[in-house]
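A.B. asks: How does the following fold in three dimensions:
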Amino acid sequence: MKLDKKILHKIISDSDFSRKLSEILGIKQNSVERSAKRALSGNSKPFSLMQPVAINFYKENGFNEEDIVGQESDDSIKSTS
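C.D. replies: Numbering: from 1, shown residues only. Below you'll find the predicted structure:
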């Protein structure tokens, strides 16, 4: 599974979105934002941001499946899980 950069940019740029996501995941908001930044830079895979509860959160906030997982391209971050 891969997470599209649209989601990562949303997490970084929208404080309210990242705050709500952090509450759902049970981790600190700055941890969510750092995870998204590291994923964008290619330094890590955002496993916590790809949990099923996070995917449901993205869908509840107007993202469709394609927005979340993107296409096989440079615009997505891949995960081996």
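A.B. asks: longest helix anywhere in the protein?
C.D. replies: Criterion DSSP state H: the longest helix present in the chain is helix 29-41.
A.B. asks: Mind checking the pLDDT average for the helix or strand following that one?
C.D. replies: Per DSSP states H and E, the first helix or strand lying C-terminal to helix 29-41 is helix 52-60. What helix 52-60 shows for mean pLDDT is 96.
A.B. asks: Only C-alpha atoms, please: export helix 52-60 in PDB.
C.D. replies: C-alpha atoms of helix 52-60 as PDB (Å, rounded to 0.1, in the frame of the first residue of the first chain):
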ATOM      1  CA  PRO A  52      -7.100   1.300   8.900                       C
ATOM      2  CA  VAL A  53      -8.500   3.900  11.300                       C
ATOM      3  CA  ALA A  54      -6.500   6.600   9.500                       C
ATOM      4  CA  ILE A  55      -7.700   5.500   6.100                       C
ATOM      5  CA  ASN A  56     -11.300   5.700   7.400                       C
ATOM      6  CA  PHE A  57     -10.600   9.200   8.700                       C
ATOM      7  CA  TYR A  58      -9.300  10.300   5.300                       C
ATOM      8  CA  LYS A  59     -12.500   9.000   3.700                       C
ATOM      9  CA  GLU A  60     -14.700  10.700   6.200                       C
END
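A.B. asks: Now do that helix: distance to the chain's middle.
C.D. replies: On the basis of Cα atoms, centre = their mean, to the nearest Å, helix 52-60 sits 10 Å off its chain's mean C-alpha point.
A.B. asks: Tell me the gap between the very next helix or strand once past it and the middle of its chain.
C.D. replies: Beyond helix 52-60 on the C-terminal side, the first helix or strand identified by DSSP H and E is helix 65-69. Here the centre of helix 65-69 is set off from its chain's centre by 11 Å, with Cα atoms, centre = their mean.
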